[in-house]
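Engineer: Need a 3D model of the following:
(chains A, B, C and D)
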There are 2 protein chains.
Amino acid sequence: MVVGDRNRERMERVANVNKPKAPSMVDVAREAGVGLVTVSRVLNEPGVVRPETQQRVNDAIARLGYRRNDVARALKSGRSTTIGVVIAGSELFELPRILRGVESAAQEAGYWVNMASWQEGSSEQLVNAVERLANQAVEGVAIIADRPVAAAALEQMVSRIPITVVMSGELGNPSIGSVELDQELGARLATEHLLELGHRRIVHFTGRLSAYDARARLAGWQKTMRAAGIEDARHAEGDFLAASGFRLAQEILDADQRPTAIFTGNDQMAMGVLSALAQRGVAVPGEMSVVGFDDIAGSEYLVPSLTTIRQDFVALGRTSVEMLLGMLGGASAEHRYIAPTLIARASSGPPRVTSA
Amino acid sequence: MVVGDRNRERMERVANVNKPKAPSMVDVAREAGVGLVTVSRVLNEPGVVRPETQQRVNDAIARLGYRRNDVARALKSGRSTTIGVVIAGSELFELPRILRGVESAAQEAGYWVNMASWQEGSSEQLVNAVERLANQAVEGVAIIADRPVAAAALEQMVSRIPITVVMSGELGNPSIGSVELDQELGARLATEHLLELGHRRIVHFTGRLSAYDARARLAGWQKTMRAAGIEDARHAEGDFLAASGFRLAQEILDADQRPTAIFTGNDQMAMGVLSALAQRGVAVPGEMSVVGFDDIAGSEYLVPSLTTIRQDFVALGRTSVEMLLGMLGGASAEHRYIAPTLIARASSGPPRVTSA
DNA sequence: TGACCGCATGGCAACGTTTCCAGAGTATAT
DNA sequence: ATATACTCTGGAAACGTTGCCATGCGGTCA
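Structural biologist: This next block holds a predicted model:
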């Protein structure tokens, strides 16, 4: 007994040289002269413990600098107050804003965010990432993906925890919540804006069509054009990078019949387009109107100032987490849209009346 | 035996209705007909267990779909194979690239990334964020901050785990590792580029000087100008947003003596500058050269194509994590620089020879 | 032949917390 | 005065894993 105590003391002393071992609940209990359970209750069940005792415990906590060990808590209770986030796709220029929404919503609810990335495109690897997070005892997973997600595969693997998906429609799985920016609506707003200005020959430069966003924007543009009675509208596929906008704009300028307006898949591509037009001496919006998508930082200061579709990415991330937390509380999964708005600036105007 | 099996089956079936309780090591051990410890060894100490037994265990694992509970592992062993990342500052436009570096370096080493954000500026809150992460049993913390970090405060609070800081010099604490893009060098490259082209009147528009980056870039510019014998060089403070570049450019155009070149704190501000110059009809680079900083996506497609300083943000995040992991392995903290490079494009050229 | 050693494996305790149940003390009802 | 209810507190078990020590086994050495 004595030897044991002395031994332990010595070990503790040795350990202290390197790492001052963090105090635990038992240390606090001893310091406050109460039972272990009482400490736990002071921390977790407000109002149950007598104020006087509570005070003693809180004093002891402060004196020892105690902080709860969330790992032990998670092991015993199953509650980790952590959500997992899977980030997919490098084409997501607006990731920081989405993350800000995710992080702030989580933090407000007292939750942690555990990250994993999904570099490759295979849905098998996505499932793996979600599973790895599940091992980490996250209570739910929010997937931020710019490509369609194989909902069926996911569902099968980790039905134990709720899942929400951001920016990926098309999932026929009712147990997975989803939020998306209403890309079709955005494309419609952009197209209608140009139609109202009097344009008829409006061409659309899409992002890489493997991305869900690119397809949804294309669809919105097509439907709106068709609704306006324009059947032969044409589009060209790019890849969301400025270079592709530049290239496609050059090609269109060389074509037989020039359009009077270009609607690009995102603002980066619009930058490329503006650059190509400037190089060729094409006046914007005099000879050509340009409308982008995203309202990236600085788009107001392009030359000319870019008309675009503003998306609330922060709300996107935030909504996704809020829905996830709701599902943890028993709410059922839904599909929500976040509406974008048109920001009309100087790059779009009425088409010049040609003598044709 | 038979009854036991049937019982288990029934329980599993019942549990499946709500939550299919994940199998644990004991389940695997029972299934494989070995001891609990053997399973643990198969997972953690390769080569210790006899190949035949190992096979039996692995089969059982596959059959049951067992996955290790990382929380229990962390509690018992202290090893969580997780690092914490504190993200500070909304002015960090290049956050996604940094995060990509962080995440991929961590993943390659088998580590997880746990995020916390630091919205407000008080260093007390930063300490709080780090402590919260420490509660989560992260093994180390990487701080990504665009403002100076109070190293002393940090050191005092969590000396138990290693810490690295990204993008914040000035910390006089040898136990905290740090990585920074060599902003002074970048500013020197930009300034020397303009000097070599023949410019003498070079003005610098800084970011908000509370940000470390802004100060370092200012210092690099000042030193280079002074080394070139130019003592009266002037700068103006902006805030890293395009709007401030726009405003400062307007002011400079109204001033008595125009500079022949503008070096901006980042590319966003350069966008604002280019916009203002275009609006006033000032030719770039004929009448005014413009050099930015960061090489943001699309900067090549500004009009004109922007000369700027390219920074390897992915390497920044990666290095920060690699250093952190090194410190976990016993290496001591260092301070590393990542060198930027000049990307000369169309927005800079020799000054027009004036008749003055 | 008996002592000894290395190898493969297993039992038991422990990490720090929460949860279940019980017990002590006081106030209220019978 | 005893029973009942209620409030506050504590003891012990448990979460799933790892680390320490012990055990059985076959072989080698004196």
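
Engineer: What strand or helix carries the nearest residue to A:Leu302 once chain neighbours are set aside?
Structural biologist: Spatial nearest neighbour of A:Leu302, excluding adjacent residues (C-beta to C-beta, 6 or more residues apart in numbering or on different chains): A:Leu274 at 6.0 Å. Heads up, the C-betas are built off the backbone N, CA and C, glycines and all. Using DSSP states H and E, A:Leu274 falls within helix A:267-280.

Engineer: Taking helix B:267-280 as reference, get the angle to that helix.
Structural biologist: 40 degrees (axes from the mean of the first three to the mean of the last three C-alpha atoms, to 10 degrees).

Engineer: Next SSE downstream of helix A:267-280?
Structural biologist: Following helix A:267-280 in sequence, per DSSP H and E, is strand A:289-291.

Engineer: Remind me what that next one packs against, helices and strands.
Structural biologist: Helices and strands touching strand A:289-291, by 3 or more C-beta pairs under 8 Å, 6 or more residues apart in numbering or on different chains; DSSP states H and E, are helix A:183-197, strand A:261-264, helix A:267-280.

Engineer: and those, which is most packed in?
Structural biologist: Ranked by mean neighbour count under mean count of other C-beta atoms under 10 Å in any protein chain shown, the helices and strands packed on strand A:289-291 are led by strand A:261-264, which reaches a mean of 31.

Engineer: hmm, who's touching the helix or strand containing A:Gly101?
Structural biologist: Element membership for A:Gly101 (DSSP H and E) is helix A:95-108. Here helix A:95-108 makes contact (C-beta atoms under 8 Å, 6 or more residues apart in numbering or on different chains) with A:83, A:85, A:87, A:92, A:112-113, A:142, A:144, A:166, A:313-322, A:325, B:87, B:90, B:92-93, B:95-96, B:99, B:115-117, B:119.

Engineer: Just the ones of the residues you listed in strands?
Structural biologist: Applying DSSP state E to those, the entries found in strands are A:Ile83, A:Val85, A:Ile87, A:Trp112, A:Val113, A:Ala142, A:Ile144, A:Val166, B:Ile87, B:Met115, B:Ala116, B:Ser117.

Engineer: Pull the contacting residues for the second one.
Structural biologist: A:Val85 makes contact with A:Leu99, A:Val102, A:Val113, A:Asn114, A:Met115, A:Ala116, A:Val141, A:Ala142, A:Ile143, A:Ile144, B:Met115 under the criterion C-beta under 8 Å, 6+ apart.

Engineer: try 6 Å
Structural biologist: The neighbours of A:Val85, taking C-beta atoms under 6 Å, 6 or more residues apart in numbering or on different chains as the test, are A:Val113, A:Met115, A:Ala142.

Engineer: can you put the residues you listed in CSV and add distance to B:Thr38?
Structural biologist: Listed next are the contacts of A:Val85 as CSV, based on distance: C-beta to C-beta, whole Å:
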residue, distance to B:Thr38
A:Val113, 36
A:Met115, 34
A:Ala142, 38
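
Engineer: Now that we have these, which of them are buried?
Structural biologist: The neighbour-count test (16 or more other C-beta atoms under 10 Å in any protein chain shown) marks A:Val113, A:Met115, A:Ala142 as buried among the contacts of A:Val85.

Engineer: For the most centrally placed residue in chain A, which non-adjacent residue is spatially closest?
Structural biologist: By C-alpha atoms, centre = their mean, chain A has its centre lying nearest to A:Ile98, at 3.7 Å. Setting aside the residues directly before and after it, A:Ile98 is nearest to A:Gly317 in space (C-beta to C-beta, 6+ apart), at 4.0 Å.

Engineer: quick revisit: filter the buried ones among the contacts of A:Val85 by proximity to DNA strand D?
Structural biologist: Among the buried ones among the contacts of A:Val85, no residue lies close to DNA strand D (C-beta under 7 Å from any atom of the strand).

Engineer: which residues touch A:Trp351?
Structural biologist: Careful, residue A:351 is Pro; it's not Trp. Contacts were defined as C-beta under 6 Å, 6+ apart; by that measure A:Pro351 touches A:Gly198, A:His199, A:Thr260.

Engineer: how close does the residue nearest to A:Ile98 sit to B:Val113?
Structural biologist: Distance, A:Gly317 to B:Val113, using C-beta to C-beta, to the nearest Å: 17 Å.

Engineer: which residues sit against stretch A:176-196?
Structural biologist: Against stretch A:176-196 from outside (C-beta under 6 Å, 6+ apart): A:151, A:163-167, A:169, A:202, A:213, A:216-217, A:219-221, A:224, A:228, A:261, A:263, A:291, A:309, A:311, A:316, A:319-320, A:323, A:327, A:333, A:335-340, A:342.

Engineer: and the residues you listed, which are buried?
Structural biologist: Among the contacts of stretch A:176-196, those scoring as buried are A:151, A:163-167, A:169, A:202, A:213, A:216-217, A:220-221, A:224, A:228, A:261, A:263, A:291, A:309, A:311, A:316, A:319-320, A:323, A:327, A:333, A:338, A:340, A:342 (criterion: 16+ other C-beta under 10 Å).

Engineer: right, is stretch A:29-48 up against chain B?
Structural biologist: No: figure legend: stretch A:29-48 not in contact with chain B (C-beta under 6 Å from any C-beta of the partner chain); closest approach 12.4 Å.

Engineer: ok, back up a step: the contacts of stretch A:176-196 in strands, which ones?
Structural biologist: A:163-166, A:202, A:261, A:263, A:291, A:309, A:335-338, A:342.

Engineer: Show me which pair in these is furthest apart.
Structural biologist: A:Ile163 and A:Ala261 (40.1 Å; C-beta to C-beta).

Engineer: what's A:Val138 sitting at in phi/psi?
Structural biologist: phi -70, psi 150 (degrees, to the nearest 10).

Engineer: ok so A:Phe246 is a helix residue?
Structural biologist: Yes: membership of A:Phe246 in a helix is supported by DSSP: H, G, I helix; E, B strand; the rest coil.

Engineer: Now that it has come up, it's in contact with A:Ala276, right?
Structural biologist: Yes: counting by C-beta atoms under 6 Å, A:Phe246 touches A:Ala276, with 4.8 Å between them.

Engineer: filter the buried ones among the contacts of A:Val85 down to the ones close to chain B.
Structural biologist: Okay, of these touching chain B (C-beta under 6 Å from any C-beta), that's A:Val113, A:Met115.

Engineer: In terms of distance to A:Arg132, which of the buried ones among the contacts of A:Val85 ranks first?
Structural biologist: Using C-beta to C-beta, the buried ones among the contacts of A:Val85 come closest to A:Arg132 at A:Met115, 11.0 Å.

Engineer: Hmm, the closest one is touching B:Val113, no?
Structural biologist: Yes: between A:Met115 and B:Val113 there is a contact under C-beta under 6 Å: 4.5 Å.

Engineer: give me the low-pLDDT residue ranges for the stretch 51-200 of chain A?
Structural biologist: A:89-93, A:120-121, A:156-158, A:168-170 (pLDDT under 70).

Engineer: Get me the contact residues on it for DNA strand D.
Structural biologist: Going by C-beta under 7 Å from any atom of the strand, the residues of the stretch 51-200 of chain A near DNA strand D are A:Glu52, A:Thr53, A:Gln54, A:Ala72, A:Leu75, A:Lys76.

Engineer: Need the buried ones from these selected in ChimeraX.
Structural biologist: Of these, the buried ones go into a single ChimeraX selection, burial set by 16+ other C-beta under 10 Å:
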select /A:53,54,72,75
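
Engineer: out of the residues of the stretch 51-200 of chain A next to DNA strand D, which are inside helices?
Structural biologist: A:Glu52, A:Thr53, A:Gln54, A:Ala72, A:Leu75, A:Lys76 (DSSP state H).
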